[in-house]
Every structure is written in C-alpha cells, then in structure tokens.
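[1] everything below, folded, please.
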Amino acid sequence: MAFKPLQRLNVTRTLSTGEQVAVGVLAQNRQGMFSWITPT
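    Down below sits the predicted model:
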C-alpha cells in the first residue's frame, strides 16, 4: 500500500461560546507523524 499523506489538517479551537477559531495547520510525514506547518 502506497503512502498517501493528508494534504493538510486544519486545527480549530471551540470556545465556550460555541465559536470555532482557527489555530493552525498540521501536515503528516512519511512516518505518519503530524507537525505544524503554520504558527499559531
């Protein structure tokens, strides 16, 4: 099975008011580990 990384994974935070705020973006490497590709 060939490795198919996610293009990107958007990370959001849900506030107590129910509003969702964008926090950053994660990327997956060949080992399956995620790392930040944008600062918070």
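
[2] okay, strands next: where are they in this structure?
    Listed in chain order, the strands of the chain (DSSP state E) span 9-14, 20-28, 34-36.

[3] now render those as TSV, adding mean pLDDT, mean neighbour count and distance to residue 2.
    All C-beta spots, glycine's among them, are computed from the backbone N, C-alpha and C. Output for the strands of the chain, formatted as TSV (pLDDT from 0 to 100; neighbours: other Cβ atoms under 10 Å; distance: least, Cβ to Cβ, whole Å):
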stretch	mean pLDDT	mean neighbour count	distance to residue 2
strand 9-14	91	11	19
strand 20-28	89	13	14
strand 34-36	83	11	19
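
[4] in the sheet, who's paired with residue 11?
    Beta-bridge pairing of residue 11 under DSSP bridges involves residue 24.

[5] which residues does it contact?
    Counting by Cβ atoms under 8 Å, 6 or more residues apart in numbering, residue 11 touches 22, 23, 24, 25, 26.

[6] which of the residues you listed lies closest to residue 37?
    Closest approach to residue 37 among the contacts of residue 11 (Cβ to Cβ): residue 25, at 5.2 Å.

[7] from memory the closest one sits against residue 9, does it?
    Yes - assessed by Cβ atoms under 8 Å, residue 25 is found in contact with residue 9 at 6.8 Å.
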